[in-house]
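Participant: fold the following and give me the result.
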Amino acid sequence: MKRAVVTGGAGFIGRWLVSALLADGWSVAVLDDFSNGSAANLADFEDEARFALIEGSIAEPAAIDELFAGGSDTCFHLAARINVQHSIDDPAGTFVPDVNGTLLALEAARLNAAPFLFMSSCMVYGPAEGRPIDEQHPVRPASPYAASKIAGEALTLSYGMSYGHPVTVVRPFNTYGPYQRTDGEGGVVAIFCHRALAGEPIGIFGDGTQTRDLLYVEDCVDFLLRAAASDTARGEVLNAGTGVDVTVNELARIVGKDGPVEHVAHPHPQAEIARLVCDPAKARRLLGWAPKTELAEGVRRTTAWLQA
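Facilitator: Here you go, the predicted structure:
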């Protein structure tokens with residue numbers, strides 16, 4: 001039986017990835033310290049014999065050793081401290097798990113001859129200007145979180161070049177959907193849906209003209225699975241997004257219809273990216289991947305999950 005290890009598997013995207021792997025017949029071991037994810041996200045799988053959950057940090061060698069103790073046929077490295085403001089307030093608190101932890105996971109994957117997929121972020125990029133962002137677009141680490149992701153990318157690619165290890169770096173754009181947190185640690189779609197359902201004003205940072213390319217979570221997981229399995233993706237950096245951006249103001253209208261909105265001060269304006277829109281052509285060419293879920297349908301599914 002194929003065995004996958006997933007760091008950060010109790011997180012929002014991680015939960016969907018674990019579900020997809022189990023459905024495809026994999027044995028799955030998850031490592032998570034629940035700093036962002038939740039054991040509740042994985043409750044549906046706790047009675048599954050092919051599933052194992054290890055509580056611990058990727059920055060702890062013993063936890064990494066336990067994760068890989070059963071061997072591994074592939075490693076999905078999703079774990080990270082993802083909160084931008086926290087990284088600004090406590091850069092070491094982001095750097096240690098996000099960079100040192102990536103090195104530990106990489107080395108364990110190498111020793112197990114397990115292909116390694118590193119989950120980066122669109123936050124590494126500078127803003128889109130005249131055209132969508134492709135993989136050659138300049139990076140601009142506007143926060144320690146983004147810088148840590150760039151460092152993790154470089155470490156990952158170095159293992160491909162130094163050891164010939166099969167590695168892939170992926171940069172999904174703003175992913176949303178069911179199981180995403182609705183508090184300040186969550187994503188903009190989940191937060192907006194939660195507030196609209198509660199009849200509360202939707203809070204918009206700044207003037208709301210900043211744009212996002214919003215990728216539904218099941219489309220993101222399809223991309224991750226294809227990227228991890230593809231020989232043509234080895235040593236590559238790949239974007240995932242829809243190729244269409246929406247302003248935060250327009251997103252608030254889609255989610256809240258004619259409900260109230262309020263503009264509030266941005267907590268970290270120095271790290272804001274004015275326009276994020278993906279050019280997914282490389283993923284389409286190398287993986288045959290394209291997103292299937294329109295924004296309105298994704299918002300409907302997210303809202304239905306919150307109401308359940």
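
Participant: hey, let's count contacts and neighbours off CA atoms from now on
Facilitator: Fine.

Participant: got the contact list for residue 261?
Facilitator: If you count contacts by CA atoms under 8 Å, 6 or more residues apart in numbering, residue 261 has them with 201-204, 252.

Participant: same thing but at 10 Å, please
Facilitator: 192, 195-196, 200-204, 249, 252-253 (CA atoms under 10 Å, 6 or more residues apart in numbering).

Participant: write the ChimeraX selection for whichever of these are buried.
Facilitator: To isolate the buried ones among those in ChimeraX, judged by 16 or more other CA atoms under 10 Å, type:
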select :192,195,196,201,202,203,204,249,252,253
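
Participant: which ones among the contacts of residue 261 are found in helices?
Facilitator: Secondary structure from DSSP state H places 192, 195-196, 249, 252-253 of the contacts of residue 261 in helices.

Participant: let me see the contact set for the closest residue in space to residue 214 that isn't next to it in sequence.
Facilitator: Nearest in space to residue 214, with sequence neighbours left out and distances taken as CA to CA, 6 or more residues apart in numbering, is residue 174 at 4.9 Å. For residue 174, the contacting residues are 121-123, 187-189, 212-217, 220, 240-242, 276-278, by CA under 10 Å, 6+ apart.

Participant: all strands of the stretch 1-150 of the chain, in order?
Facilitator: 3-7, 27-32, 51-55, 74-77, 116-119 (DSSP state E, counting those that start in this stretch).

Participant: save those strands as CSV, and put in distance to residue 183 too.
Facilitator: As requested, those are exported to CSV (distance: least, CA to CA, whole Å):
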stretch, distance to residue 183
strand 3-7, 22
strand 27-32, 19
strand 51-55, 23
strand 74-77, 24
strand 116-119, 22
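
Participant: JSON lines please, covering those and showing mean neighbour count and distance to residue 235.
Facilitator: Below are the strands of the stretch 1-150 of the chain laid out as JSON lines (neighbours: other CA atoms under 10 Å; distance: least, CA to CA, whole Å):
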{"stretch": "strand 3-7", "mean neighbour count": "26", "distance to residue 235": "20"}
{"stretch": "strand 27-32", "mean neighbour count": "24", "distance to residue 235": "24"}
{"stretch": "strand 51-55", "mean neighbour count": "17", "distance to residue 235": "29"}
{"stretch": "strand 74-77", "mean neighbour count": "25", "distance to residue 235": "15"}
{"stretch": "strand 116-119", "mean neighbour count": "26", "distance to residue 235": "10"}
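
Participant: looking at these, spot the one closest to residue 232.
Facilitator: Residue 232 lies closest to strand 116-119 among these, at 13.3 Å (CA to CA).

Participant: and the closest one, how far from the chain's centre?
Facilitator: Put simply, strand 116-119 sits 11 Å off its chain's centre (CA atoms, centre = their mean, to the nearest Å).

Participant: check the offset of stretch 137-151 from the chain's centre.
Facilitator: With CA atoms, centre = their mean, you get 15 Å for stretch 137-151.

Participant: check stretch 150-159 too.
Facilitator: Relative to its parent chain, stretch 150-159 has a centroid offset of 17 Å by CA atoms, centre = their mean.

Participant: quick one on the thing from earlier: from the ones in helices among the contacts of residue 261, pick the one nearest residue 66.
Facilitator: Distance to residue 66 across the ones in helices among the contacts of residue 261 (CA to CA) is lowest for residue 192, with 38.4 Å.

Participant: you'd agree the closest one is up against residue 256?
Facilitator: Yes: counting by CA atoms under 10 Å, residue 192 does reach residue 256; the two are 7.5 Å apart.

Participant: packing partners for the helix or strand in which residue 159 is found?
Facilitator: Counting by DSSP states H and E, the element that carries residue 159 is helix 144-163. Under the contact definition 3 or more CA pairs under 10 Å, 6 or more residues apart in numbering; DSSP states H and E, helix 144-163 sits against helix 84-89, helix 91-95, helix 101-111, strand 116-119, strand 167-172.

Participant: of all these, which lies closest to residue 69?
Facilitator: Of all these, helix 101-111 sits nearest to residue 69, with 9.7 Å by CA to CA.

Participant: got the buried residues for the closest one?
Facilitator: For helix 101-111, the buried set under the neighbour-count rule, 16+ other CA under 10 Å, comprises 101-110.

Participant: what of stretch 41-51?
Facilitator: Residues 41-42, 45, 51 are the ones in stretch 41-51 that count as buried (16+ other CA under 10 Å).

Participant: could you point out which of the residues you listed is nearest to residue 260?
Facilitator: The closest of the buried residues of stretch 41-51, once distances to residue 260 are taken by CA to CA, is residue 41, at 30.7 Å.

Participant: alright, I will stop here.
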